[in-house]
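Asks: Dropping the sequence and predicted coords here.
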Amino acid sequence: MIGCSLLWHGGMSPALAQDSVAESVILPVEKRSPEVRISEHAQTVLTISPDVIAPFTGHPLLMEELDGRQTGRVLVGLNGEIMFGQFSEFIAEDVPFSESGSYVLFRPDREITDPLTGEPLALTAQFLGLARPTHTDELETFVVTQGEREIGIGDRLVAWEAQSPLQAIEPAVPSVSVDAYVASTLSAVSGAGSYSVVIISGGENIGIHTGDLLTVRSPERQLLLTERDHLPIRTTSACNASTSALLNSSARIIDCAERIPSQRELAGRSSEIIPLPPTDSGEVVVFRVFDRVSFALIRKASRAIAVGDWVGHDDS
């Protein structure tokens, strides 16, 4: 057997030279058997930064925010244009003084009504951009510093006021029941999808708060199922052509504004009406609340969300 020794250059190892006993640590030993154990962990609160949500929310405005404030009127582009955009110059009149030196360009947009009762709830204002005055002694001229949409004759100007910065949103299920409906999908025509903004028919008046997570549910709908005989296209000579008919089925969902055919009208047409039950179709998070309406961002959607869809939370 070959021996092995540990040498240190210049003599014996300093560790071995010390005339002391090395300290040892005894670790506790715990014997465990298979069983269910529950560990408590602090749940992280989901927070949406204003920088994340801002690109999707746009600039929601209601005319009630501008009531009582003096506004100016766009007359024409500096070179006679009737429509213009960013960096364009234009002439305006009756423009109020602005401490910030900037102005908001807007136009009255559309009336928001309750989908169930038709009651007017609010009037939206379309944000067009920002402008600042240019130096001139003869005319009230302005330049568009931020253009969101085309600006035209008759659009309005109001002094821009510094607003408090957007606060982070903490989405949470509301503690009370909420019962409202989608009142507008804004620019969406056939329905709104994920990360689109909708207006719902409820606000502070029914206890909605910023950050509320609400369920979207499609109402009960009617499916019109039709079956009819369809003769195939003749691809051979008349003598060999098939005379058997093919069964052609079609189906479509009847629009809310469309009259549902009566059973008498459907008689003899191989058609029937099939009711479709209400289904959950998405989830929205409220980011701005007014007295009777709220703006919400669609967090997720399994189908196009339309005006008349139920929005809320059942606390039962």
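Replies: That came in fine, so what should we check first?

Asks: count of residues packed around Glu220?
Replies: 10 (other C-beta atoms under 10 Å). For every residue, glycine as well, the C-beta is placed using N, CA and C.

Asks: err, Leu116, not the other one
Replies: By the criterion of other C-beta under 10 Å, Leu116 has 10 neighbours.

Asks: What of the one 4 residues further on?
Replies: The tally of other residues near Pro120 (other C-beta under 10 Å) stands at 11.

Asks: phi, psi of it?
Replies: phi -60, psi 130 (degrees, to the nearest 10).

Asks: Identify the residues contacting the helix or strand hosting Ala296?
Replies: Using DSSP states H and E, Ala296 sits within strand 294-301. Applying C-beta atoms under 8 Å, 6 or more residues apart in numbering, the contact partners of strand 294-301 are 53, 56-57, 60, 171, 180, 192-200, 202-203, 208, 213-214, 216, 281-289, 305, 311.

Asks: so Ala180 makes contact with Gly312?
Replies: Yes. Counting by C-beta atoms under 8 Å, Ala180 sits close enough to Gly312 to count as a contact (5.5 Å).

Asks: Determine the residues that are contacts of both of these two.
Replies: Counting by C-beta under 8 Å, 6+ apart, the common neighbours of Ala180 and Gly312 are Leu214.

Asks: So what's the predicted local confidence for Val29?
Replies: Looking at Val29, its pLDDT stands at 85.

Asks: ugh, wrong one, Arg292
Replies: On the pLDDT scale, Arg292 gets 96.

Asks: Over to the one 5 residues further on?
Replies: Here, the pLDDT recorded for Leu297 equals 94.

Asks: Any of the contacts of strand 294-301 buried? List them.
Replies: By neighbour count, with 16 or more other C-beta atoms under 10 Å, these hold 53, 57, 60, 171, 180, 192-193, 196-200, 202-203, 208, 213-214, 216, 281-289, 305, 311 as buried.

Asks: Just the contacts of strand 294-301: which are in strands?
Replies: Within the contacts of strand 294-301, residues falling in strands by DSSP state E are 180, 197-200, 213-214, 216, 281-289, 311.

Asks: Quick one: residues contacting Val176.
Replies: By C-beta under 8 Å, 6+ apart, Val176 lies in contact with Gly207, His313, Asp315.

Asks: Measure how the helix ranked longest in the chain sits relative to strand 294-301, angle-wise.
Replies: If you go by DSSP state H, the chain has its longest helix at helix 50-57. Helix 50-57 and strand 294-301 are oriented at 90 degrees to each other (axes from the mean of the first three to the mean of the last three C-alpha atoms, to 10 degrees).

Asks: ok now the helix or strand following helix 50-57, how far from the chain's centre?
Replies: Moving toward the C-terminus from helix 50-57, the next helix or strand (DSSP H and E) is strand 72-77. Taking C-alpha atoms, centre = their mean, to the nearest Å, the mean C-alpha location of strand 72-77 is offset from the chain mean by 33 Å.

Asks: What pairs with strand 72-77, parallel or antiparallel?
Replies: Partner strands and pairing direction for strand 72-77 (DSSP bridges) are strand 89-93 (antiparallel), strand 156-159 (antiparallel).

Asks: Poorly predicted segments of the stretch 201-316 of the chain, please.
Replies: Residues of the stretch 201-316 of the chain that meet the criterion pLDDT under 70 lie in 227-271, 316.

Asks: For it, which segments count as helices?
Replies: When assigned using DSSP state H, counting those that start in this stretch, the helices of the stretch 201-316 of the chain occupy the ranges 263-266.
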